[in-house]
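> Sequence and predicted structure below; questions after.
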Amino acid sequence: MAAFDKVEKAVSVKTERLDLSIEDGILYCVYQEVELLDIHLASLCVQDRLNFAGGQSYPSLFDITHVKHSTKEARDYLANEGNEGVVASAIIVSSPMLKMAANFYIKVNRPKNPTRMFTGEDEAIQWLSQYK
């Protein structure tokens, strides 16, 4: 378990599931290798992110390039209550399968905050910058 008691001084933290960092007002959330992102794992990831952010809301970059599959329940959760503390979401994908899944998430699950998919981090950061 990551130590979140000194979050206000932390620039980055690595948990069992995520690499988290805040740089120039953007929260970076990089998922580690995940075979199946189910509701349980999704809620743990959200809790890790909320603990790291320390009650602050940020435009957030979610790198899901290492997530193989996700359940409908996990996607529904992440689009709604799992979006707490997220001003806007940029989702980074790397494969056609992830691109299809991210498009499905955006169009069907309809996240409650502005959400876009990107294949490159630079474009994602540029888009997120308008939400700082």
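Nice, I can see it.
> Output the below-cut-off pLDDT ranges for this structure.
Scanning the chain for pLDDT under 70 picks out the ranges 1-10.
> all helices of it, in order?
39-53, 72-79, 96-104, 121-129 (DSSP state H).
> For the longest one, which helices and strands make contact with it?
Using 3 or more Cβ pairs under 8 Å, 6 or more residues apart in numbering; DSSP states H and E as the contact criterion, the elements in contact with helix 39-53 are strand 18-23, strand 26-31, helix 72-79. In this view, the C-beta of every residue, glycine as well, is placed from N, C-alpha and C.
> Tell me which of the ones you listed lies nearest to A42.
Checking these against A42 by Cβ to Cβ gives helix 72-79 as the closest, at 4.0 Å.
> Export only the CA atoms of the closest one, formatted as PDB.
Taking Å, rounded to 0.1, in the frame of the first residue of the first chain, the C-alpha atoms of helix 72-79 are listed here in PDB:
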ATOM      1  CA  LYS A  72     -19.500  -3.000 -18.000                       C
ATOM      2  CA  GLU A  73     -19.900  -2.400 -14.200                       C
ATOM      3  CA  ALA A  74     -16.300  -0.900 -14.000                       C
ATOM      4  CA  ARG A  75     -17.000   1.400 -17.000                       C
ATOM      5  CA  ASP A  76     -20.300   2.600 -15.600                       C
ATOM      6  CA  TYR A  77     -18.700   3.200 -12.200                       C
ATOM      7  CA  LEU A  78     -15.700   5.100 -13.700                       C
ATOM      8  CA  ALA A  79     -18.000   7.300 -15.900                       C
END
